[in-house]
Each structure stands twice: as C-alpha cells, then as structure tokens.
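> the sequence and its predicted three-dimensional model are supplied below.
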Amino acid sequence: MLLLNRSVKLRLAVSLGACILMLIVVGIIGLYSLSKTNDALNRTYEGNLLTLGDLIKVNQALLGNRVKITAEQRDRTPASAITTKQEVAENDAIIDAAWSDYFPERVSGDQERAIAESFIVSLASLRAGIDEINAAMIGNDYDAAREIATTTLRAEYPKVLTAIQGLIDRNSAQAAANNRQSSSDYVWTRNFVIGVMVAAIIFGILLSMWLVRGIMTPLGKAQALANAMAEGRLDNNVDASAKDEFGVMLRALKSMEAKFSQVVMSVRNNAESVNVAAGRRSRPPASNRPRHQWTKSPPPCVRTPTTHPKPTSSCTMLTSKLMPVGRSQVKPSRQWKVSTPQAARLPVSSA
C-alpha cells in the first residue's frame, strides 16, 4: 500500500489490473460452470440415455419373441411356425446389436457388470429353449413345445427380463442422480457467480472511490493554491507531504509561491527605496534652505545730522550684521537699505 502511494501511474495500473483480474476470474468461473454442465450432459446422454435406449430395445425384442411363441402355440400351424422362427431371428439380431452397443463400454460399475453378465448367461439358456420350441412347432410336435415352454422358457424368461429390467432401473436411477447433481452444480455455480459479481461491484466502487480521492484531493489542493496565488495571497499553508506525482506538483507550486513572494518583497523594497529617493530630490536639504531667523533684532541705526556725505561707520556695521545667516550664493529675502542723504535729513528725534 505504501508503494502504491508513491506513484499515480502505479495506482492506475494496479486498478486496471484488478479490474482485468476480476473479469478473468468471472470468465474462468463461467467456463468452469459450462464445462461441468457439458460433462454432466455427456455423462447422462452417453452413460444413461443411450444405454436405456439399447436396454429398452433388448427388452422389447425379448417380449416380442415371447408373444410370438405364445401365439404360435395357440395357433398350432407348422407353416406359421417357420415365419415365427424368422421373426424370432430378427429380434435376436436386434438384441445382439443393442447389447453389443451397451456392453461392455457403457457399463458404469461392478454391480451393473455383474447384472449384465448374469443376463448374458440367462439369455443363452433362453435362446436355446426358444430354438427347441421352434423346432418342435415346425415339426408339428406342439406337446413337446408346450413342455419346453412350461419348463425351460418359464424358468429362463423371468431371469432374463429381471436382469434387463434391473439394468434399466439402474441406468434410470443414474440418470436421475446425474440430473440432481447437475441441478445442484448449477445452483452452486449461480450463487458463486452472483457472489463474485457482488464482490466485484463492491470492490470496483471502493477502488473508484480510492482513485477519485487519491487524484481529486491533491488536484483540489493545487487548484486552491493557484487561486490563492492569483488573488495575491502568498502565505498559503498546503500539505505537500504526498510521495507521488501530485506531491511533486504541490511542492513545485509551493516553491513557485515562495519565489513569487521573494520577488514581490524585492519589488516592494525597491519601490520604497525609489519613493524615498524621489522625496529627497524634490526637497532641498536643510543646509540649502534659506534661514529667515535673525540672530538678534537689528538695533535702530543712530543717525545724527551731519554734513558728511557717507553714513557713519557704526551704521554700516549694523547693516552688515542685519544680513541673513546662510551661504553667500543664496540671496536674502530682505535687505536693509540705508540711504545716506535721507538719513542725514532725518531729525534726531525720529531715530
């Protein structure tokens, strides 16, 4: 069973082989049943029906001879006695042909053989008595014929008829026994075939369920995993412990999922890095931005009336200190401009 779980091809091959084996078993049972039925028919036909036909012919010929001799004794006609002798000879030929067809090939047992041998002995004595009575009737000696009929024929006819009837009864009983045996064999074979068919159906259903579960379960897992990956979920938990081809497929899908997850994470990290870099380039650094904070409030420039054309040195120094702090290439947003003539014209109180 563990070996079957390692390969889907092996499971399919074993399943197909099991179905073929069941068909072979049912076919063999059917052939065996037909063979037994054929043997029973042949045995009944050759061993009993043909034997009964031959024995019945013998019995009818013996009874025919007895009737003819009895009728000739009643008629007492020497001319008809010759005809009776010919008819008895014809019946004897029928008896010999039927008996040679039966004995010894179709004798079925020692008891039947003993009965047949006693019949042969009794038949020989009977024929000798019939020959004597025919000769007496042809010679018109009907008194001697009557004496032979009351002594020899009366003693031998029961023996012969009893033996032949015993053989007939025995073969009839054998035919009936063969018929009962054939019926019993038919019932047994029928029940056995039905049982095998039921077992085959149950086995086929279980085998189909096993195959469907073994194939559809991993396929369902693979389909669910593929659908989850298509929806963007890359953290699926799938049992891929199977040792067959479906297990290999599931493990390959899991490996592909892991690769996809790595690719997605890499793309996400690269995108975040690009976004960060783009944000930094769109905004200048703090060292490049102009600073509008003054170090201290500019003191009022003290201007005194004077006739000097240029401002005093102290006002010039204050103007230079009022420049914003920053790099030299960045122009300040506001500059203090002091006009020397205007400053000279301002009154002192305005300062």
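That came through fine.

> next, find the distance separating Arg190 from Ser33.
Distance, Arg190 to Ser33, using C-beta to C-beta, to the nearest Å: 8 Å. All C-beta atoms are positioned from the backbone trio N, CA, C, and that covers glycine.

> more neighbours: which of the two?
Ser33 (17 against 11; other C-beta atoms under 10 Å).

> could I get the contacting residues of the more buried one?
Contacts were defined as C-beta atoms under 8 Å, 6 or more residues apart in numbering; by that measure Ser33 touches 185-186, 189, 193.

> tell me how far it lies from Asn191.
In terms of C-beta to C-beta, Ser33 sits 11 Å off from Asn191.

> next one: Ile202
Counting by C-beta to C-beta, the gap from Ile202 to Asn191 is 16 Å.

> do the same with Asn59
For Asn59, the distance to Asn191 - C-beta to C-beta - is 41 Å.

> tell me which of those two has more neighbours.
Asn59 (18 against 10).

> quick one, what contacts that one?
161, 164-165, 168.

> element containing it, please.
helix 50-75 (DSSP states H and E).

> now the helices for the chain?
8-44, 50-75, 78-102, 110-138, 142-148, 154-230, 245-282, 313-321, 340-345 (DSSP state H).

> what angle separates the longest one from helix 245-282?
This means helix 154-230. Angle, helix 154-230 to helix 245-282, by axes from the mean of the first three to the mean of the last three C-alpha atoms, to 10 degrees: 10 degrees.

> check which helices and strands helix 154-230 sits against.
helix 8-44, helix 50-75, helix 110-138, helix 245-282 (3 or more C-beta pairs under 8 Å, 6 or more residues apart in numbering; DSSP states H and E).

> turn these into CSV, including distance to Asp101.
As requested, those are exported to CSV (distance: least, C-beta to C-beta, whole Å):
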stretch, distance to Asp101
helix 8-44, 17
helix 50-75, 5
helix 110-138, 13
helix 245-282, 71
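
> on that earlier part again, quick one: which of the contacts of Ser33 is most hemmed in?
Of those, with other C-beta under 10 Å as the count, Thr189 tops at 17 neighbours.

> quick one, what contacts Ser108?
Contact analysis of Ser108 by C-beta under 8 Å, 6+ apart lists 47, 171, 174.

> tell me how far Gly195 lies from Ser184.
Distance from Gly195 to Ser184, by C-beta to C-beta: 16 Å.

> before we move on, back to that, looking at the contacts of Ser108, spot the one nearest Asp110.
Nearest to Asp110 among these is Gln174, at 14.0 Å by C-beta to C-beta.

> list the contacts for the closest one?
47-48, 108.

> before we move on, back to that, so which of the helices and strands packed on helix 154-230 is nearest Ile82?
helix 110-138 (5.9 Å).

> what packs against that closest one?
helix 50-75, helix 78-102, helix 142-148, helix 154-230.

> buried stuff in the shortest one?
The reference is to helix 142-148. Residues 142, 145, 148 are the ones in helix 142-148 that count as buried (16 or more other C-beta atoms under 10 Å).

> could I get these as CSV with pLDDT?
Below are the buried residues of helix 142-148 laid out as CSV (pLDDT from 0 to 100):
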residue, pLDDT
Tyr142, 89
Ala145, 90
Ile148, 91
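
> contacts for stretch 252-272, please.
Contacts of stretch 252-272 (C-beta under 8 Å, 6+ apart): 222, 225-226, 229, 234-236, 238, 240.

> distance from that stretch to the middle of the chain?
Put simply, stretch 252-272 sits 44 Å off its chain's centre (C-alpha atoms, centre = their mean, to the nearest Å).

> next: stretch 33-50.
37 Å.

> what's the answer for stretch 19-27, then?
Worked out by C-alpha atoms, centre = their mean, stretch 19-27 lies 11 Å from the chain centre.

> next: stretch 71-90.
Taking mean C-alpha positions (C-alpha atoms, centre = their mean), stretch 71-90 and its chain are 80 Å apart.

> kindly report the same for stretch 220-235.
32 Å.

> and it, which residues are buried?
221-222, 225, 229, 234.

> would you reformat the residues you listed as CSV and include pLDDT and distance to Ile115?
Output for the buried residues of stretch 220-235, formatted as CSV (pLDDT from 0 to 100; distance: C-beta to C-beta, whole Å):
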residue, pLDDT, distance to Ile115
Lys221, 82, 81
Ala222, 84, 82
Leu225, 82, 87
Met229, 81, 93
Leu234, 77, 97
